[in-house]
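Participant: The amino acid sequence is not available; the structure is as follows:
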């Protein structure tokens, strides 16, 4: 009889192990909800606008000016148009420019199709024209050899 008692004990212990293993893998299903927040940046960067030097412009001429952009940011950027202000560090020439009688002009340039990739530099985004109209009534000699500065603003 002793033999049958040992067999029962072995079978009983095995059943206990199986029952415990089944409990260890049990789980409940449920549902959940929640929320999070994100804030968009106020700005994603700016483009640095420039052009090559313009030399030897004279009254009665138009000079094409390629406007270049550099993007030091981490996302692609573009501007819709570029406006230009013409100035001079030469006081008499600047006075003529300020009077509106210099004949110098630079029309806004539409650049909306120009994309400047993140990290790119020296990208031509448009070409404008520096115009110096010849005047029959205003002496433009004060601007001879005067340095002209083109200041670009993208919008």
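Facilitator: It's in. Keep in mind that this is a model prediction, so the values were computed, not measured.
Participant: Could you identify the helix or strand that succeeds the helix or strand of the chain with the lowest mean pLDDT?
Facilitator: Taking mean pLDDT, DSSP states H and E as the measure, helix 2-24 is the helix or strand of the chain with the lowest mean score, a mean of 49. Proceeding N to C from helix 2-24, the next assigned helix or strand is strand 47-51, under DSSP states H and E.
Participant: For that following strand, give the mean pLDDT please.
Facilitator: Computed over strand 47-51, the mean pLDDT rounds to 95.
Participant: One more: stretch 148-155?
Facilitator: Rounded mean pLDDT across stretch 148-155 is 94.
Participant: what does stretch 90-98 give?
Facilitator: The predicted model gives stretch 90-98 an average pLDDT of 97.
Participant: What residues sit buried inside it?
Facilitator: Residues 90, 93-94, 96-97 are the ones in stretch 90-98 that count as buried (16 or more other Cβ atoms under 10 Å). Every C-beta, even on glycine, is put in place using the N, C-alpha and C of the backbone.
Participant: As TSV, those with distance to residue 69 and secondary structure would be great.
Facilitator: Below are the buried residues of stretch 90-98 laid out as TSV (distance: Cβ to Cβ, whole Å; DSSP: H, G, I helix; E, B strand; the rest coil):
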residue	distance to residue 69	secondary structure
90	28	coil
93	28	helix
94	27	helix
96	30	helix
97	25	helix
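Participant: Which of those residues sits closest to residue 78?
Facilitator: The shortest approach to residue 78 among these belongs to residue 97, at 29.9 Å (Cβ to Cβ).
Participant: List the contacts of residue 144.
Facilitator: Contact partners of residue 144, counting by Cβ atoms under 8 Å, 6 or more residues apart in numbering, are absent.
Participant: now swap in the one 4 residues further on and tell me
Facilitator: By Cβ under 8 Å, 6+ apart, residue 148 lies in contact with 54, 57, 86-88, 93, 104, 130.
Participant: Swap in 6 Å and give it another go.
Facilitator: Applying Cβ atoms under 6 Å, 6 or more residues apart in numbering to residue 148 gives the contacts residue 88.
Participant: before we move on, what about the one 5 residues further on?
Facilitator: Contacts here follow Cβ under 6 Å, 6+ apart; on that basis residue 153 touches residue 83.
Participant: do residue 59 as well
Facilitator: By Cβ under 6 Å, 6+ apart, the contact list for residue 59 reads 132, 134, 140.
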